[in-house]
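sequence unknown, structure follows:
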Ligand SMILES: Cc1cc2nc3c(=O)[nH]c(=O)nc-3n(C[C@H](O)[C@H](O)[C@H](O)COP(=O)(O)OP(=O)(O)OC[C@H]3O[C@@H](n4cnc5c(N)ncnc54)[C@H](O)[C@@H]3O)c2cc1C
Ligand SMILES: Cc1cc2nc3c(=O)[nH]c(=O)nc-3n(C[C@H](O)[C@H](O)[C@H](O)COP(=O)(O)OP(=O)(O)OC[C@H]3O[C@@H](n4cnc5c(N)ncnc54)[C@H](O)[C@@H]3O)c2cc1C
């Protein structure tokens, strides 16, 4: 491993500072992780991590609470927000029972509460006086928010809202921390006043009976029942996602979130003109955060898989031309292995730089909003949605591919990879299902094209479509590494796909609008994806210019080219046919591209370890027996396996094996079945 | 749901009989499942299935033993082999602690033991006198079997072999049932006699000290230690995959498997000329079984997702052109949803029919072998390997896509989908990693092309390459549904890819053979995949001819066309670029293909439920709250969530919530942190 590390052509700590913004940040993060890991006891990596112990649901939840408390305290005492969006393993914040509080609840208040409401609620939130969760999804409704059934009927007599679940399918189901941890929830419900349904609005609902807090906690939501379903999900099992049915729960009128709407004492409703825009803005923030987290979590998967592939030796070369004279070789040398791992690593960096672009845009948009300028919303919203769809699918699928690259040992929970995949794949659904997200991008594109409006990000579509899209790519050989050529290829595809589908959508037809949209949905997705990939490639290229260190810049340029080129010819490249079907790229050019990829892989191979080291993950945060920095794989696997309670307890009294033997094995063994069978005859 | 069921254009029971071979088989299977589910108590689907209960490792293992015993007994008493290759949920047999016995151990004896050995061991196996497992993989070696390090040194003095683990990495790690259940293991080790290493051979190793069976079971393998790692894997957690290190374990010389080799009393070794072929033959059988299981398990995922998508209503059409006047619509109506689900369903049938082809070939090959004719091996071996790689990847990725189609509820363990995906994805690694498998296919292709040998399955390559591969596809419109046209398209791509890569490999170069192979590995994979897809398409088409019922035939023809066409233009189609890069298909033709797909989806939509009902899965075997036959989704989700022990126990003494509250929540709540912070200043 040391040897592999020494081969690098650049200094990985420089890249670390680029990723985290500055040397000081890296230092701060290192210190925070050191404190938290010490407090959690995860710093001693010879010990089996608790999450792999014999944890049943209760244990998992308690572990989650413990970690949540420790990270919360660390941020509080040391004044940082590191663990507000993610946990001690770089998993998104909703993996932590207190995570929803900082990830969704507080930002929601900031965004939707009136200044007076903020003044009350924010200090309560920040001091930990209340702990919140976000209760939108119901059994029957997730994506279609307008379909939410929970009602909030205004009772003028008492100046209260009555929160109620009128149907079975209106039960809240999924909200993280609703099961038990949270004291308060933002509840989405239909505001009804004087018989008029004003649509879905947000309400602050206190949960527990806070009066009894001093005593033993008899916890209840003011609702029929709550259920928690820790360990009932693919991942995030330390969180008490919950279920709640409201039975005529009364809250003060002033608990309606009133930044952009108002209900008077007399029940008269008024909404500001920017209400819808503000709502979108809120979702935008959580999607932006998800995009960032995706990069880190995805980077963890690649760190583990690349380290393992560097130390794992298997075979003497190809199965067909093996040479028994030579020793075994590291699996990283196999072409498919380095092709898969390095092209995924390129995607990690692509996701990361794109998420930084998304952060920049968000910041600018927020500054404008403060001046009541909402003009940045359409692009910011489209970008956060589209990038969320792209990044989550790319990261989940890439992590699973990295897992498969580790053979049998990648199937072990203690490799850390199954959990990483499971946590990533949730994100394809969470905060807006990806196929719903793609439609946001498509809608933006089609609307603008049809109205002949050309925002900055779409100017290439205008330019290229107006010149007829007849040109062909002229590049050969290593010209395919040029950023300009690569952007041309991606822009050409995107411009063609979006103008083509815009024509289809606009064509006179006797179907209703919805049907037309549904008919061409697959084409709309392709166009949306292609546009997002242009933006991602552009932001990747744009970030290269900011890198001062030359060696680092060279390596990242190679990664950029690898990213763009494998996006065209890798076997699993999505919509790759779109690059060639109109003859823009010829078969000779594709051969050149494939050969450039081979060269790039050879050039990048010595830097693979450094490119993962750059993420600076602690061994404890990776939580992987096969991905630790020292590459000491086999000993760790056995060390951890030995510590499993089932093995520790084997042979002791009340041993599970004794029970299993008596009840299930002995009756079969030694032909007992046969004897019984005979006896029956 | 009833309504959806009634829309079908054909009688799904006819298809059920086709899938299971005959009406009698269906009847027998129904009876067996009914008995087993009653014995297991899973027949009452209002009860939370035990596998979702609060099961820790011990419970999971005991449940596995129980289910294993019940299915074993059922087969024994009712004389059937239904549960010899899969468990009561259609999961591959290695999901059952006794499963390896019938799946690998007995077949291995049949294939590798001498007639005298068979005479002793087979009756012991069949009566349950011994229970076996298959111990090949070591910590350090999986794919590269020749690298196995365990030694079996012949001791002429005592006429025994000494089985030993000389290094840490030589510890056996992974074998299912080795941890505890099995009494015997087939152990792969290097046969060394008179200092000569004869390579890896199989030995029968008794495990437990069988003398003490009557008493309390003090179980040990005659080895340093055994460990089991139930619940340490993504799935198959009811099985005690195990770890063992051999410390000079002595077994009689006659425990060497001697069908195709022999070691004399004097330690003289002799191998028959067909030894290698016999070994391949053995692997072939388990891969064949995997292919079959893939179809059923994959079908389960689609059954659940399609049923859920039929009852789940979300939104009023597209997000952009919604019409608030109309009610909500079933998500199955969304184009991407039916595109993804139906194209995956087409793949389910493709896997199934291809696995039947594989079974046929295997049968014929076995008959030939009985006459010492090994000529069928190359094709049978290539087919089982390639199909294994194709089917396992297709099924795993398809099941995950189906899971994502179910939104948040698909992320619940009780949807059944996470476990299906996890069990399928293991198969991409097990019994030969897929990328190693693809190389077997590539090797077969390249060897034959280079030697100008053209077996039946490759005759199209010869024919097409000799005519120069210059032709273009001439089809338009609905001609793209024609089997002949579709086969032409697939054959053309495959012929082109394999002849091109054969030329690359044969080109003079100064690199060693291995390096050339490694250099063009990605192209070799593409060629291998393309050839396997030709075979799969052919077998799908071939099976259509055998269907008598016209309505069924029409539906399956549509599925065939859908399968082939989405393999070209679906966004995620692998190596799709290969169909167009040489101009064989034009951009107009691709447009026609996309429009044919749209039509096919519309035609198939009413049959979606019937096409999944046809698999005849019991609700209990699906083990899914969202995929039951009656479509009663929400009630089941809540019913099952309520029964989780953590919820049942909430509020009782020693409640986890009380503990969590005291230790982690209370210290944060009500601004306690802030107060402590102040105190510190
Ligand atoms: C781990 C986890 C944590 C969660 N935490 C919270 C939380 O804290 N608070 C909370 O309120 N919720 C939470 N959720 C719920 C989550 O927000 C929803 O699952 C998500 O919004 C998707 O909605 P859905 O489940 O209803 O999917 P559905 O909308 O039912 O989607 C199912 C399928 O229908 C398709 N579909 C739906 N509508 C359309 C359309 N208009 N056009 C085309 N296709 C469509 C989708 O693409 C998808 O394929 C959580 C979920 C998970 C998995
Ligand atoms: C659930 C489960 C149950 C199992 N049960 C058993 C059992 O009962 N008995 C038993 O003996 N074993 C068992 N195994 C082990 C299994 O057989 C091995 O995991 C499998 O053979 C793959 O080998 P590996 O893990 O060594 O992967 P590796 O060979 O280490 O593969 C890692 C990576 O290297 C690549 N690679 C390796 N060699 C080459 C090559 N020559 N060319 C190109 N690429 C290469 C692979 O493609 C892969 O990407 C089980 C495994 C699992 C997951």
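It's in. Because the structure is predicted, anything quoted here is derived from the model rather than measured. Ligands and ions are numbered 1, 2, ... in the order given.

CA atoms for contacts and neighbours, from now on please.
Noted.

Contact partners for the residue in the stretch 551-681 of chain A positioned nearest to ligand 1?
Of all residues in the stretch 551-681 of chain A, residue A:574 sits closest to ligand 1, at 17.8 Å by CA to the nearest ligand atom. The contact partners of residue A:574, taken as CA atoms under 8 Å, 6 or more residues apart in numbering or on different chains, are A:567, B:571, B:572, B:573.

Am I right that residue A:32 sits in a helix?
Yes. Per DSSP: H, G, I helix; E, B strand; the rest coil, residue A:32 lies within a helix segment.

Put the buried members of the contacts of residue A:574 into a PyMOL selection.
Command for PyMOL, covering only those of the contacts of residue A:574 found buried under the criterion 16 or more other CA atoms under 10 Å in any protein chain shown:
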select buried, (chain A and resi 567) or (chain B and resi 571+572+573)
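
Which ones among the contacts of residue A:574 lie within helices?
Using DSSP state H, the subset of these located in helices is residue A:567.

Quick check: the two most widely separated of the contacts of residue A:574?
Farthest-apart pair in the contacts of residue A:574 is A:567 and B:573; separation 13.4 Å (CA to CA).

possible to save the contacts of residue A:574 as CSV with distance to ligand 2 and pLDDT?
Output for these, formatted as CSV (distance: CA to the nearest ligand atom, whole Å; pLDDT from 0 to 100):
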residue, distance to ligand 2, pLDDT
A:567, 21, 98
B:571, 25, 97
B:572, 21, 96
B:573, 21, 97
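
quick check, nearest of the contacts of residue A:574 to residue B:661?
Of all the contacts of residue A:574, residue B:572 has the smallest distance to residue B:661: 47.3 Å, by CA to CA.

And the pLDDT for the closest residue to that closest one other than its chain neighbours?
Among residues not flanking residue B:572 along the chain, residue A:574 sits closest, at 4.9 Å (CA to CA, 6 or more residues apart in numbering or on different chains). Predicted confidence (pLDDT) for residue A:574: 97.

same check, this time on residue A:542
With respect to pLDDT, residue A:542 has a value of 97.

In terms of secondary structure, what does the strand or helix carrying residue A:462 contact?
Following DSSP states H and E, one finds residue A:462 within helix A:459-466. Under the contact criterion of 3 or more CA pairs under 8 Å, 6 or more residues apart in numbering or on different chains; DSSP states H and E, helix A:459-466 touches helix A:483-506.

Taking helix A:459-466 as reference, get the angle to the helix it packs on.
Angle of helix A:483-506 versus helix A:459-466, following axes from the mean of the first three to the mean of the last three CA atoms, to 10 degrees, is 70 degrees.

Quick check: which helices or strands does the helix or strand following helix A:483-506 pack against?
The first helix or strand that comes after helix A:483-506 along the chain, using DSSP H and E, is helix A:513-519. Using 3+ CA pairs under 8 Å, 6+ apart as the contact test, no helix or strand touches helix A:513-519.

How far off centre is helix A:513-519?
Relative to its parent chain, helix A:513-519 has a centroid offset of 30 Å by CA atoms, centre = their mean, to the nearest Å.

what comes into contact with the helix or strand hosting residue A:604?
Element membership for residue A:604, per DSSP H and E: helix A:587-604. Helix A:587-604 is contacted from outside by A:338-339, A:342, A:475-478, A:480-481, A:555, A:558-559, A:562, A:565-566, A:569, B:519, B:581-582, using CA under 8 Å, 6+ apart.

What count of nearby residues applies to residue A:475?
16 (other CA atoms under 10 Å in any protein chain shown).

Name the nearest residue to it, sequence neighbours excluded.
Nearest to residue A:475 is residue A:485, by CA to CA, 6+ apart, at 7.0 Å.

how far away is the one you found from residue A:497?
Separation of residue A:485 from residue A:497 (CA to CA, to the nearest Å) stands at 19 Å.

Between these two, which is the more surrounded one?
Neighbour count, other CA under 10 Å: between residue A:485 and residue A:497, residue A:497 has more, with 23 against 16.

Quick check: closest non-adjacent residue to the more buried one.
residue A:527 (5.0 Å).

helix or strand for residue A:380, which one?
Following DSSP H and E, one finds residue A:380 within helix A:377-404.

quick one, that helix and helix B:377-404 angle?
Counting by the same axes, to 10 degrees, helix A:377-404 lies at 140 degrees to helix B:377-404.

So which elements touch helix A:377-404?
Judged by 3+ CA pairs under 8 Å, 6+ apart, helix A:377-404 is in contact with helix A:275-311, helix A:335-370, helix A:417-426, helix A:434-450, helix A:521-545.

and that helix, does that touch ligand 1?
No. Taking CA under 6 Å from any ligand atom as the criterion, helix A:377-404 and ligand 1 are apart, separated by no less than 11.0 Å.

any idea of the mean pLDDT in stretch A:398-405?
What stretch A:398-405 shows for mean pLDDT is 98.

give me the low-pLDDT residue ranges for the stretch 151-300 of chain A?
Within the stretch 151-300 of chain A, the segments meeting pLDDT under 70 span A:208-231.

change it to 50
A:209-225 (pLDDT under 50).

Show me the strands in it, by range?
Ranges of strands in the stretch 151-300 of chain A, per DSSP state E, counting those that start in this stretch, are A:151-155, A:160-164, A:172-173, A:184-193, A:196-206, A:223-228, A:242-246, A:249-252, A:261-263, A:269-271.

Same check on the stretch 1-150 of chain A?
A:132-135.

what residues does it put near chain B?
Contact residues (CA under 8 Å from any CA of the partner chain) of the stretch 1-150 of chain A with chain B: A:52, A:54-58, A:62, A:65-66, A:69, A:73, A:76-77, A:124, A:127-131, A:139-144, A:147.

Any figure for the gap between the residue nearest to residue A:475 and residue A:12?
With distances taken as CA to CA, residue A:485 is found 29 Å from residue A:12.

Give me the below-cutoff pLDDT ranges for chain A.
Applying pLDDT under 50 to chain A flags the ranges A:209-225, A:319-322, A:680-681.

domain parsing for it?
Under the assignment automatic domain parsing, the domains of chain A span A:129-272, A:644-680.

Nearest to ligand 1: which residue in chain A?
Counting by CA to the nearest ligand atom, chain A gets nearest ligand 1 through residue A:142, at 2.9 Å.

Tell me who's in contact with that residue.
Residues counted as contacts of residue A:142 (CA under 8 Å, 6+ apart) are A:136, B:314, B:408.

how many neighbours does the residue lying closest to residue A:378 once chain neighbours are set aside have?
Counting by CA to CA, 6+ apart, the nearest residue to residue A:378 once its immediate chain neighbours are dropped is residue A:444, at 7.4 Å. Neighbourhood size, residue A:444 [other CA under 10 Å]: 18.

try residue A:451
Using other CA under 10 Å: residue A:451 sits among 9 other residues.

Next: residue A:195.
By the measure other CA under 10 Å, the count of residues near residue A:195 is 9.

just so I have it, where are all the helices in the stretch 1-150 of chain A?
Taking DSSP state H, counting those that start in this stretch to define them, one finds helices in the stretch 1-150 of chain A at A:2-6, A:12-20, A:23-40, A:57-78, A:99-100, A:106-112, A:115-127.

Comparing these, which comes out most buried?
Comparing those by mean neighbour count (mean count of other CA atoms under 10 Å in any protein chain shown), helix A:99-100 comes out on top with a mean of 28.

So which residues make contact with it?
A:68, A:84, A:85, A:86, A:87, A:93, A:94, A:132, A:133, A:134, A:176, A:177.
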